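Enquirer: just need the structure, nothing else, for what follows:
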Amino acid sequence: MKTKEEVYQILSKVTDPEIPVLTLEDLGVIRDIRVISDDEVNIKITPTYSGCPATDVMADDIRAALFVAGFSKIKIEQVISPAWTTDWLSPKGKEKLNKYGIAPPVAAVSLEEAIVECPHCGSKNTQVISAFGSTACKALFQCHDCLEPFDYFKCHV
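Expert: Prediction:
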């Protein structure tokens, strides 16, 4: 029988459908793993946003990875309490975001007050352009030094 740790290793390779550079492990959305038998497993995940459209895709990708690993009875449950927070993003995940061109979340302040470092040039001379970025979990910023626009992963606590 596979162990919880082996299942976690399988799931640690599943990527986020909206930000494919991040794994579900990086996001911290995998809340619990219960191996019931050789072919049955229960997984609990917490969506990054209530109503996040990527959550169903995440569940499908988890099912596919577990099916390939030999599980035929796969139950995935969404857990919304406690709510997901950007504190659950791994340090490795934040680093991946930055290298991908998305500024990782900073302290929980308003977008206008946030001092966000440009992922392109490292300048902190940036400004929010829109509270809405390419997805609901991101805002659009612009750097005043290199003039590049970039997404900022909004802080959620």
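Enquirer: use CA for all of it now, contacts and neighbours both
Expert: Fine.
Enquirer: mind listing what the residue most central in space within the chain touches?
Expert: In the chain, the centroid-proximal residue (C-alpha atoms, centre = their mean) is L27; its distance is 3.4 Å. Applying C-alpha atoms under 8 Å, 6 or more residues apart in numbering to L27 gives the contacts W88, L89, S90, G93.
Enquirer: run through the strands of this structure in chain order.
Expert: 30-37, 40-45, 73-78, 102-103, 126-130, 138-143, 149-153 (DSSP state E).
Enquirer: any chance of JSON lines for those strands, columns mean pLDDT and distance to V109?
Expert: Conversion of the strands of the chain to JSON lines gives the following (pLDDT from 0 to 100; distance: least, C-alpha to C-alpha, whole Å):
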{"stretch": "strand 30-37", "mean pLDDT": "96", "distance to V109": "26"}
{"stretch": "strand 40-45", "mean pLDDT": "97", "distance to V109": "27"}
{"stretch": "strand 73-78", "mean pLDDT": "96", "distance to V109": "28"}
{"stretch": "strand 102-103", "mean pLDDT": "96", "distance to V109": "15"}
{"stretch": "strand 126-130", "mean pLDDT": "96", "distance to V109": "13"}
{"stretch": "strand 138-143", "mean pLDDT": "95", "distance to V109": "13"}
{"stretch": "strand 149-153", "mean pLDDT": "95", "distance to V109": "13"}
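Enquirer: residues near V128, how many?
Expert: 21 (other C-alpha atoms under 10 Å).
Enquirer: and it, how far from G101?
Expert: Remark: distance between V128 and G101 (C-alpha to C-alpha, to the nearest Å) = 15 Å.
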